[in-house]
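> Predicted coordinates and the sequence they were generated for:
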Number of protein chains: 2
Amino acid sequence: MSVVIRHDDSEVLRSLLEVGVNLSAVRDRRRMLDMILGEARRLAGAEAGTLYVRKDQSLRFVATQNDRMDVSEIARHLLDKELPLSMDSLAGFVATTGQIMNIPNTRAVPPGMPFRINLDFDARTGYRTKSILALPLMCPDSRCPEGVCVGVLQLINCLDSNGHVAPFPNAERSGILTLGSMAAVTIHNLQLQEQLKQAHLDSIIRLSVAAEFRDDDTAAHIRRISRTSALVAAAAGLPPEQVELIQYASPMHDIGKIGIPDAILRKPGPLTPEERQVVQTHTTIGADILIRPDNELIAAAREVAISHHERWDGKGYPCHLAGEQIPLSGRVVALADVFDALVSERCYKKAYSHDKSLEIIRQEDGKGFDPRVTAAFFSVVDKVLESYGVQ
Amino acid sequence: MSVVIRHDDSEVLRSLLEVGVNLSAVRDRRRMLDMILGEARRLAGAEAGTLYVRKDQSLRFVATQNDRMDVSEIARHLLDKELPLSMDSLAGFVATTGQIMNIPNTRAVPPGMPFRINLDFDARTGYRTKSILALPLMCPDSRCPEGVCVGVLQLINCLDSNGHVAPFPNAERSGILTLGSMAAVTIHNLQLQEQLKQAHLDSIIRLSVAAEFRDDDTAAHIRRISRTSALVAAAAGLPPEQVELIQYASPMHDIGKIGIPDAILRKPGPLTPEERQVVQTHTTIGADILIRPDNELIAAAREVAISHHERWDGKGYPCHLAGEQIPLSGRVVALADVFDALVSERCYKKAYSHDKSLEIIRQEDGKGFDPRVTAAFFSVVDKVLESYGVQ
């Protein structure tokens, strides 16, 4: 688990230290990845660069930077695309073998290399990729002495003092190896944190389904409502922590249904007014189950459980709240829940088409739904439909 | 969020870098805290030292080291003890004000200082605490420009080249400030991770209770069974990750009771053989609910749900497994569950006294329970009883 630090330039050391401390304090994934790439380029004097993060048997494209041209459009297009972890590509080769590849000239790659350097980007943009330094990001691991590869850093076109493209110097001599170690540990820590969060969400969904004692199909619905709610909350401009809270809280919105007799809940025909009143108590039963929250997640879940059947025009239940009296989380989940119900088959109705369902949502704008939430929903409607299997 | 790094000795810089990378790769809390204290002492040339971590309005004593004497006994005694976050103590003063305190001689503290230096340790051991450098560990925080104090590092007795106690040099001049920043960020990251885990456990317990649609009292039982299981698993020598899995999985052991009719589950009198058979299906219903696990936690929960009523002698249910055929997690939770049932009042029985309950557990050693698990239980019985309110 130890790292050997060889370089001797104290300016470089100082700057690496600063990067290290800052890096481990960054909580935002995107910002962290951009910082790693930016600092690596600065240290190596690279005009451009690309960062891949490993995910199982593939490499995910997570950041690209280029000082000569605007790559924001390309970045948007390529972001989160995956490359198989194979020897065919340079990044795949580096990740698979754990070898550093220093290529002085992409047109003169020594024969016998199994990989092909992908120059599609050059062909499309007119950019000229000449020198490349590709570095595996190796994270120390107790089960594996040489460490585990968590990503690949690809630095492009080393600029000399005159601004001309030159080969990259030997990686051992700069601070780039140390930066690579720091980046690997930071990325790995972030991944562990994401795994913890994912396991938490899985548990919530699993147990919410169990609580309602329903089938696997319910799990898929709950997952989709959670995803739609998160997409809409983000599009409505909520900060990432709030988006995450809604994503985690929304699976519990119907937890109170556990208190409703099956005879009513699964009745095939229309409900009597009395039966409808009983069903409506699932909001307050949910709030009772989630009473005295021990953390902000349960507090948010309680808020959603009690408010996701309120309507913007005040005609909802159980409290007949209207407009901004209704918590935003409840307004968001209300729409996600109704949309999911519309496109799904239920014992009392057939599934509506996606277009018909969207039309109904639009008609309810300003009536059942907060206009801000409806607008946010339609701004991400393609992503929502994607999780419903629409291409 | 930026850190200013001033020192110029490249040997120090190199060593700090190495510590930084290693520190952020350490997953074990205890080891990480010891490493912070050890590296800080090494850098500052301190003979001894103490590390406190802030928790709400107190400082928790988490590590102590001393090159002159064996402090392991004292460490065991003081570990996790808390100090109020007030100006009365040196550590409290440093944490409250965010000021570095460099005290050349504890017998000549300038007048007007609000704190008292606690020399109980010296009085008890004959050690002589002369110079102290007390440093607040400040973590960058977006809401607070000067950062948030997450702990206090107290370095004791700076040794000069002849091994004599001298005052500590100015903190700005050594690498100790940078190490403090790195330590603060690392501690803060660990705390965030622990909060995530705690929230996860809270959700599991809350939803497991909801799934069984029971009362608050059930939550307390579930929490105690989870705690007892974790204590026993640790005492049985399982690695920390396994202990944690059992701690998280055990709350779901009775999740299958959701499939048992209330008329049977809450029947006050004794059950008929047919009714008993129905109750026993809660193990297999639980396994059905937790089928096709999406992560190792749900897999462990499934294992516990189906196996926690098996008996070491093969007379349990549902599979009549015996001995080591029964998963260890199931053997551990079996004991924790029975012990909780014994000391609790139920609709069909009174609560047994703790002593009587322990006697019954002992009688079942090698019959209902794995001797290894029984031995582990009795080795931590004081801690178990503590969570049952026994002093």
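Structure's in. What do you need?

> use CA for all of it now, contacts and neighbours both
Noted.

> Just say helix, strand or coil for A:Pro293.
With DSSP: H, G, I helix; E, B strand; the rest coil as the basis, A:Pro293 sits in coil.

> Tally up the residues packed near it, please.
17 (other C-alpha atoms under 10 Å in any protein chain shown).

> And the closest residue to A:Ser344 other than its chain neighbours, how close does it get to B:Glu244?
The spatially closest residue to A:Ser344, leaving aside those adjacent along the chain, is A:Ala351, at 4.6 Å (C-alpha to C-alpha, 6 or more residues apart in numbering or on different chains). Separation of A:Ala351 from B:Glu244 (C-alpha to C-alpha, to the nearest Å) stands at 43 Å.

> coming back round to it: quick check, the residue nearest to A:Ser344 in contact with A:Leu342.
Yes: assessed by C-alpha atoms under 8 Å, A:Ala351 is found in contact with A:Leu342 at 6.3 Å.

> can you tell me how far the closest residue to A:Ile36 other than its chain neighbours sits from A:Ile306?
Leaving aside its sequence neighbours, A:Ile36 sits nearest to A:Ala183 (C-alpha to C-alpha, 6+ apart; 6.3 Å). Computed as C-alpha to C-alpha, the A:Ala183 to A:Ile306 distance reads 44 Å.

> swap in A:Ser24?
Taken as C-alpha to C-alpha, the span from A:Ser24 to A:Ile306 is 39 Å.

> quick one: which of the two has more around it?
Set A:Ser24 next to A:Ile306 and count neighbours by other C-alpha under 10 Å: A:Ile306 wins out with 27 against 24.

> residues contacting that one?
The contact partners of A:Ile306, by C-alpha atoms under 8 Å, 6 or more residues apart in numbering or on different chains, come to A:His253, A:Thr283, A:Thr284, A:Gly286, A:Ala287, A:Pro318, A:Gly330.

> Please identify which helix or strand holds the third one.
When elements are assigned from DSSP states H and E, A:Thr284 belongs to helix A:282-289.

> now the angle from the following helix or strand past that helix to helix A:282-289?
Downstream of helix A:282-289, the first helix or strand assigned by DSSP H and E is helix A:296-307. For helix A:296-307 against helix A:282-289, the angle by axes from the mean of the first three to the mean of the last three C-alpha atoms, to 10 degrees is 150 degrees.

> How about the residues of the stretch 151-300 of chain A by chain B?
Applying C-alpha under 8 Å from any C-alpha of the partner chain, we find that the stretch 151-300 of chain A lies next to chain B at A:181-182, A:185-186, A:189, A:193, A:196-197, A:199-200, A:202-204, A:206-208, A:210-213, A:255, A:258-259, A:289-290, A:294-295, A:297-298.

> Run the chain-centre distance for whichever helix or strand A:Ile246 is part of.
Under the criterion of DSSP H and E, A:Ile246 resides in helix A:240-249. Taking C-alpha atoms, centre = their mean, to the nearest Å, the mean C-alpha location of helix A:240-249 is offset from the chain mean by 12 Å.

> Tell me the strands beside whatever helix or strand A:Cys149 lives in, with direction?
Assigned by DSSP H and E, A:Cys149 belongs to strand A:144-159. Partners of strand A:144-159 in the sheet, by DSSP bridges, are strand A:46-55 (antiparallel), strand A:132-141 (antiparallel), strand A:165-166 (antiparallel).

> List the buried residues of it.
With burial defined by 16 or more other C-alpha atoms under 10 Å in any protein chain shown, the residues of strand A:144-159 counted as buried are A:147-159.

> circling back to that earlier point, list the contacts of the helix holding A:Thr284.
With C-alpha under 8 Å, 6+ apart as the criterion, helix A:282-289 contacts A:253-260, A:302-303, A:305-309, A:318, B:210.

> avg pLDDT for that helix?
Helix A:282-289 shows a mean pLDDT of 91.

> about what we covered before: what's around the residue nearest to A:Ile36, how many residues?
29.

> and it, that one's in a helix?
Yes: A:Ala183 sits within a helix when classified using three-state DSSP.

> neighbour count winner among A:Ala351 and B:Glu244?
More neighbours surround B:Glu244 than the other of A:Ala351 and B:Glu244, with 18 against 14 (other C-alpha under 10 Å).

> Put the alpha carbons of stretch A:336-344 into PDB.
Provided in PDB are the C-alpha atoms of stretch A:336-344 (Å, rounded to 0.1, in the frame of the first residue of the first chain):
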ATOM      1  CA  ALA A 336     -43.900  10.800 -11.500                       C
ATOM      2  CA  ASP A 337     -46.400   8.600  -9.700                       C
ATOM      3  CA  VAL A 338     -49.300   9.600 -12.000                       C
ATOM      4  CA  PHE A 339     -47.200   9.300 -15.100                       C
ATOM      5  CA  ASP A 340     -46.200   5.700 -14.100                       C
ATOM      6  CA  ALA A 341     -49.800   4.800 -13.300                       C
ATOM      7  CA  LEU A 342     -51.000   6.200 -16.700                       C
ATOM      8  CA  VAL A 343     -48.500   4.100 -18.800                       C
ATOM      9  CA  SER A 344     -49.000   1.000 -16.700                       C
END
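
> Let's see the pLDDT reported for the residue in the stretch 151-300 of chain A positioned nearest to chain B.
Using C-alpha to the nearest C-alpha, the closest approach of the stretch 151-300 of chain A to chain B is made by A:Ala211 at 3.8 Å. Per-residue confidence (pLDDT) for A:Ala211: 72.

> pLDDT-wise, what's the bottom of the buried residues of strand A:144-159?
A:Gly147 (83).

> which non-adjacent residue is nearest that residue?
Leaving out its chain neighbours, the residue that sits closest to A:Gly147 by C-alpha to C-alpha, 6+ apart is A:Pro140, at 4.4 Å.

> measure the one you found to A:Val185 for me?
Distance from A:Pro140 to A:Val185, counting by C-alpha to C-alpha: 8 Å.

> who touches both of these two?
B:Ala25.

> Burial check on A:Leu43, number of neighbours?
16.

> Kindly state the domain boundaries assigned to chain A.
Domain ranges of chain A: A:10-191, A:213-387, per automatic domain parsing.

> Those: which one's closest to B:Val12?
Evaluated with C-alpha to C-alpha, the domains of chain A place domain A:10-191 nearest to B:Val12, the distance being 9.8 Å.

> Can you give me the first-to-last residue distance of the closest one?
Using C-alpha to C-alpha, the two ends of domain A:10-191 sit 31 Å apart.

> Good, we can wrap up now.
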